[in-house]
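Trainee: sequence first, predicted model second:
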Amino acid sequence: MRPISLYNTLTRSVDPVVPLVPGVISLYTCGPTVYNFAHIGNLKTYLFQDLLKRTFLAGGYQVRHCMNITDVEDKIIRDSQADLSPDAGNPERFAAMKALTDRYTAFFLEDLAALGILPPTYTPKATEHIPDMIRMVQELESKGLAYSRDGSVYYRIAGLPQYGRLARLDRDGMKQGVSVDADDYERDSMQDFVLWKAAKPGEPWWDSPWGHGRPGWHIECSAMGISLLGERIDIHSGGVDLIFPHHENEIAQSEGCLGHPWVNSWVHGEFLLVNGEKMSKSLGNFYTLRDLQAKGYDPRAFRFTIQSNHYRKVLNFSFDGLKAAEQALKRIRLFRKRMEGEGLPGHGEWKASIDPLERVQTAREAFWTALGDDLNTPEALAALFTAITDLNAQDDRVALTRAERDAVLAFLIETDAVFACWPHEEVETDTAVAALIERRKAAKAARDWAEADKVRDRLKEMGIVLEDRKDGTVTWRKA
Ligand code: AMP
Ligand code: ZN
């Protein structure tokens with residue numbers, strides 16, 4: 001097993017990960033709230049978690065991965081119930097909620113597949129674990145860590161000495177006895193948070209010891225994590241915005257119930273910005289993966305953009321950056337193709353030559369050392385790219401033998417097990433071009449000439465030339 005260290009938000013240092021069960025990592029990643037498409041910021045987080053998981057898998061560990069689907073939550077209720085009549089019954093309310101969440105869960109799983117994100121071992125839905133959540137809230141009540149009021153139940157944060165440790169909160173500034181009903185709030189209003197919410201008129205509900213209601217967001221993850229991964233977990237992860245209050249509250253609930261530490265490593269990824277700004281619909285800089293695909297970008301180029309950046313650094317997304325990622329990927333893919341083919345007669349040994357097998361071995365060591373050091377992807381990729389430069393130059397001079405080419409290919413396959421970005425290029429090109437041709441056709445049919453020209457320009461950038469035939473069909477070729 002290869003040693004792997006990660007930055008742990010709890011200790012604020014890069015620590016070696018020592019799994020609770022030798023050779024097996026239990027990993028919980030907070031999943032999506034399925035009331036809309038995931039945006040590319042969310043996908044940055046899921047991509048870094050996929051890279052984390054793949055690094056352990058490639059290092060010889062097994063990974064038990066749980067990613068929840070939040071399918072009951074305030075925003076889901078807001079969006080799914082809007083069109084129902086005020087006297088709709090509970091079954092009707094549930095059906096409306098399920099229709100919305102099923103739809104966006106399916107889209108979400110499609111996005112994961114397009115990005116090459118490995119399916120988690122478990123993808124529990126919150127609505128399938130309500131009894132686990134109720135049991136936890138009861139346990140907290142019985143330990144004096146929760147109290148009910150008007151059919152809602154709140155966590156008494158003053159009852160847990162370690163509350164605030166993850167987010168490094170100032171406990172002295174804590175407001176005693178004030179409670180908050182919202183799931184998300186700022187750290188300066190650190191308060192008793194809601195575990196179970198009494199149903200308001202027009203909301204779907206479950207029966208509970210406190211009357212009709214539904215779980216708060218934080219209890220969902222604690223209950224699903226414990227029920228599927230057990231009472232201790234190696235790694236729990238999310239974006240930095242989840243440190244407070246979500247993860248702080250998850251710790252309070254789980255450790256309050258269990259009476260012992262719950263998670264060893266808390267691993268958080270930084271945010272994605274677009275052209276230096278927070279993504280928002282009103283700024284017009286809000287993108288989903290589908291938006292990028294509709295513009296003709298290969299989802300793997302987006303994956304590569306994310307993974308070229310260290311996960312703990314803010315990533316400033318731009319289309320120029322995405323294009324640069326496309327070019328970098330092209331270089332690796334062409335190199336792979338070159339190694340798959342036979343070498344051409346070179347120019348002879350006119351310079352000190354390198355031993356390709358040794359060169360691959362040096363790159364391999366540098367690559368895995370970088371990834372094992374808190375997933376240092378920029379350094380791992382630098383090791384790969386310098387090896388490509390050297391091996392290309394060597395192959396120009398003295399063609400690598402078949403055995404040497406196969407050793408290089410083995411290294412490329414090994415590195416792709418983590419990056420999932422360098423299969424052959426044709427497959428991606430074909431699908432992207434076909435999608436763009438369809439889009440251009442639709443734009444022309446709508447007489448949107450500006451859009452049709454934009455698509456043609458985008459194809460040109462990709463090195464694709466379109467040929468409009470007289471019979472209305474369109475063919476393409478590489479320029
Ligand atoms: P949500 O559906 O809002 O709970 O977010 C799902 C995941 O995406 C969480 O792990 C968030 O921390 C993460 N996330 C939300 N916005 C961004 C962003 N702009 N950049 C990176 N990660 C994000
Ligand atoms: Zn969570």
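Mentor: Now that the structure is in, tell me what you want to look at. Numbering: from 1, shown residues only. Ligands and ions are numbered 1, 2, ... in the order given.
Trainee: show me what contacts the one residue in the stretch 51-200 of the chain that gets nearest to ligand 2?
Mentor: Closest residue of the stretch 51-200 of the chain to ligand 2, CB to the ion: residue 68 (6.6 Å). No exception for glycine: its C-beta is placed from N, CA and C like everyone else's. Applying CB atoms under 8 Å, 6 or more residues apart in numbering to residue 68 gives the contacts 30, 31, 123, 124, 125, 126, 220, 221, 224, 225.
Trainee: ok, these vs residue 254, which is closest?
Mentor: Using CB to CB, residue 225 is the member of those that sits closest to residue 254, with 7.1 Å.
Trainee: quick check: what element follows the host helix or strand of the closest one along the chain?
Mentor: Using DSSP states H and E, residue 225 sits in helix 217-229. Using DSSP H and E, the helix or strand that directly follows helix 217-229 along the chain is strand 233-239.
Trainee: just to revisit the earlier point, most neighbours out of the contacts of residue 68, which is it?
Mentor: residue 220 (31 neighbours; other CB atoms under 10 Å).
Trainee: so what's the closest residue to it other than its chain neighbours up against?
Mentor: Nearest residue to residue 220 in three dimensions, chain neighbours excluded: residue 126, at 4.3 Å (CB to CB, 6 or more residues apart in numbering). Taking CB under 8 Å, 6+ apart, we find residue 126 in contact with 68, 69, 70, 71, 72, 73, 133, 215, 220, 224.
Trainee: cutoff 7 Å now
Mentor: 68, 70, 71, 72, 215, 220, 224 (CB atoms under 7 Å, 6 or more residues apart in numbering).
Trainee: a markdown table for those, including distance to residue 186 and pLDDT?
Mentor: Output for those, formatted as a markdown table (distance: CB to CB, whole Å; pLDDT from 0 to 100):
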| residue | distance to residue 186 | pLDDT |
| --- | --- | --- |
| 68 | 24 | 98 |
| 70 | 21 | 97 |
| 71 | 26 | 97 |
| 72 | 24 | 97 |
| 215 | 22 | 97 |
| 220 | 21 | 98 |
| 224 | 26 | 98 |
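Trainee: so which elements touch the lowest-mean-pLDDT helix or strand in the chain?
Mentor: Within the chain, no helix or strand scores below helix 425-445, which has a mean of 75 by mean pLDDT, DSSP states H and E. The contact analysis (3 or more CB pairs under 7 Å, 6 or more residues apart in numbering; DSSP states H and E) places helix 425-445 against helix 449-461.
Trainee: what is the orientation angle of the helix it packs on with helix 425-445?
Mentor: Interaxial angle of helix 449-461 relative to helix 425-445 (axes from the mean of the first three to the mean of the last three CA atoms, to 10 degrees): 160 degrees.
Trainee: residue 42 is in contact with residue 32, isn't it?
Mentor: Yes. Assessed by CB atoms under 7 Å, residue 42 is found in contact with residue 32 at 6.5 Å.
Trainee: more neighbours: those two, which one.
Mentor: Per other CB under 10 Å, whichever of residue 42 and residue 32 has more neighbours is residue 32, with 25 against 21.
Trainee: how close does the more buried one sit to ligand 2?
Mentor: Taking CB to the ion, to the nearest Å as the measure, residue 32 falls 11 Å from ligand 2.
Trainee: next, the contact list for that residue, please.
Mentor: Counting by CB under 7 Å, 6+ apart, residue 32 has contacts 38, 42, 69, 70, 108.
Trainee: could the residues you listed go into a markdown table alongside distance to ligand 1 and secondary structure?
Mentor: Below are the contacts of residue 32 laid out as a markdown table (distance: CB to the nearest ligand atom, whole Å; DSSP: H, G, I helix; E, B strand; the rest coil):
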| residue | distance to ligand 1 | secondary structure |
| --- | --- | --- |
| 38 | 7 | coil |
| 42 | 4 | helix |
| 69 | 10 | strand |
| 70 | 7 | strand |
| 108 | 10 | helix |
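Trainee: from those residues, which two are the most distant?
Mentor: 42 and 69 (12.9 Å).
Trainee: coming back round to it: tell me which of the contacts of residue 126 is nearest to ligand 1?
Mentor: Proximity of those to ligand 1 (CB to the nearest ligand atom) peaks at residue 70, which lies at 7.0 Å.
Trainee: need the pLDDT of the closest residue to the closest one other than its chain neighbours.
Mentor: Closest residue to residue 70 apart from its sequence neighbours, by CB to CB, 6+ apart: residue 33 at 4.2 Å. Residue-level confidence at residue 33 comes out at 96, pLDDT.
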